[in-house]
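Trainee: Pasting the sequence and the predicted model now:
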Amino acid sequence: MIYIDEDMVLKLINWDQTFEAMEVAMQRYTENRIVQTARSRTQVIGKPNLLVTMPGYLDDQTYGALGCKLVTFFPTNSDLPKPLPSVLASIMLFDENTGLPKACVGGFEITKWRTSAASAVATRHIYEKRFKPLNILALLGAGHQGRTHADCFKHFFNFQEIRVWNRTASKAKEMVEEFNKKYNTNIFKFYESNEKCVRGADVIVTTTNTSEPIVNRDWVKPGAHINSVGAGRNHHSEIEESLYFNADVYIDHWEGAKTELAGLEKIGIQFKAEVGKVILNQVKTEDPNRITIFQSLGMAVEDCAMSRLIYDSYLKTKNK
Ligand SMILES: NC(=O)C1=CN([C@@H]2O[C@H](COP(=O)(O)OP(=O)(O)OC[C@H]3O[C@@H](n4cnc5c(N)ncnc54)[C@H](OP(=O)(O)O)[C@@H]3O)[C@@H](O)[C@H]2O)C=CC1
Ligand SMILES: O=C([O-])C1=[NH+]CCC1
């Protein structure tokens, strides 16, 4: 069995293939060419820390794989004397004919890249495809996901302004300085207030652990698109609940939504469709003034597609 570590993953990964892998995973979901369940959660007694398992099978010539991602979600990691990321992961890849383990692939970078690319896929198909404006992007959260989303959205879309807000303002400030330098631009702007950051934005991305809303209904302009990625007490805590009643809400998969978004269903929110249906042009939001939300949970088959991609790329570099 091969071990592909995080440094190697970073050498092999790129945005265009990651985007394609996410599109394929979401599309195959809708075509019933995948198997996955809601993820299991094992909690460390007395702590908020979780081990989460995400097994899946994806049937596809290029991205198909049988795998299982093991994710640890340890919010207390940021309080350590030497802080560690709160979300860490490893992905096991198996031979689908023999069941033999083929590889263990570092899942930290993959989780950041594939989640960001899934948001980009949702933005492209739910929002951009309808010729909607891409002037202002608001990023709420400057943690690992917030930063990778910034890279990803800079790569795929031509926003004139990318606003950044974070609970700890100094981190948003640092990120803005770093990203303006990295891309030799001045489009990244620091925002002290989440309200000001959200008002007027065409696309909003939230990547925080908050359990209280950071996006209020009245702040979001008609027709805007939101990618809600983070999870607090619930996986839908970042957005004021009343906003869901005034929006078309898209999800990535129903198995996860049934458990992790049960709170939304309980208050009467009906999900419009999974993103795969939008990619396949089976569903769309007709009203240009309707707010759209992609409530991203993350799918095991996204990780299967990514580990297959990285595994194949790794073998190619070894056989050169
Ligand atoms: N949908 C999906 O597929 C995936 C979702 N996730 C989720 O994305 C989120 C972010 O992950 P990641 O970037 O790796 O984590 P990080 O620990 O790197 O970042 C956490 C972010 O949340 C902010 N935050 C924490 N508590 C609060 C609060 N009470 N109010 C406002 N902001 C808060 C932090 O701000 P500060 O700097 O001030 O601490 C920071 O910006 C997590 O909830 C994770 O579960 C992760 C992977 C995949
Ligand atoms: O899909 C994923 O890997 C995760 N979603 C929430 C935490 C990790």
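Mentor: Okay, I see it. Ligands and ions are numbered 1, 2, ... in the order given.

Trainee: So for the nearest residue to residue 291 once chain neighbours are set aside, what's the pLDDT?
Mentor: Nearest residue to residue 291, sequence neighbours excluded (Cβ to Cβ, 6 or more residues apart in numbering): residue 247, at 4.1 Å. All C-beta spots, glycine's among them, are computed from the backbone N, C-alpha and C. Listed pLDDT for residue 247 reads 98.

Trainee: And for residue 64, the neighbour number?
Mentor: 18 (other Cβ atoms under 10 Å).

Trainee: Not including adjacent chain positions, what is the nearest residue to the residue in the chain positioned nearest to ligand 2?
Mentor: The nearest approach of the chain to ligand 2 comes at residue 298, 1.9 Å away (Cβ to the nearest ligand atom). Distances taken as Cβ to Cβ, 6+ apart place residue 115 nearest to residue 298, at 6.0 Å, with adjacent residues excluded.

Trainee: residues from the stretch 1-150 of the chain in reach of ligand 1?
Mentor: 73, 78, 85-87, 111, 115, 141-146 (Cβ under 6 Å from any ligand atom).

Trainee: How about the host helix or strand of the residue nearest to residue 298 and ligand 2, any contact?
Mentor: For residue 115, the host element (DSSP states H and E) is helix 108-122. Yes: with Cβ under 6 Å from any ligand atom as the measure, helix 108-122 is seen reaching ligand 2 through residue 111.

Trainee: Which helix or strand contains residue 204?
Mentor: strand 203-206.

Trainee: I'd say residue 62 and residue 24 touch.
Mentor: Yes: applying Cβ atoms under 8 Å as the test, residue 62 and residue 24 come out as touching, 7.1 Å apart.

Trainee: quick one, which of these two is more surrounded?
Mentor: The residue with more neighbours, out of residue 62 and residue 24, is residue 24; 24 against 12, by other Cβ under 10 Å.

Trainee: residues in contact with the closest residue to that one other than its chain neighbours?
Mentor: Setting aside the residues directly before and after it, residue 24 is nearest to residue 63 in space (Cβ to Cβ, 6+ apart), at 5.0 Å. Contact analysis of residue 63 by Cβ atoms under 8 Å, 6 or more residues apart in numbering lists 21, 24, 25, 304, 305, 308, 309.

Trainee: which residues in the stretch 101-250 of the chain form strands?
Mentor: For the stretch 101-250 of the chain, strands defined by DSSP state E, counting those that start in this stretch occupy the ranges 101-106, 136-140, 161-165, 188-190, 203-206, 225-228, 247-251.

Trainee: Tabulate these in a markdown table, adding columns for mean neighbour count.
Mentor: Below are these laid out as a markdown table (neighbours: other Cβ atoms under 10 Å):
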| stretch | mean neighbour count |
| --- | --- |
| strand 101-106 | 20 |
| strand 136-140 | 27 |
| strand 161-165 | 23 |
| strand 188-190 | 20 |
| strand 203-206 | 28 |
| strand 225-228 | 28 |
| strand 247-251 | 23 |
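
Trainee: Export those strands to JSON lines and append columns for distance to residue 259.
Mentor: Listed next are the strands of the stretch 101-250 of the chain as JSON lines, based on distance: least, Cβ to Cβ, whole Å:
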{"stretch": "strand 101-106", "distance to residue 259": "26"}
{"stretch": "strand 136-140", "distance to residue 259": "25"}
{"stretch": "strand 161-165", "distance to residue 259": "30"}
{"stretch": "strand 188-190", "distance to residue 259": "36"}
{"stretch": "strand 203-206", "distance to residue 259": "21"}
{"stretch": "strand 225-228", "distance to residue 259": "17"}
{"stretch": "strand 247-251", "distance to residue 259": "12"}
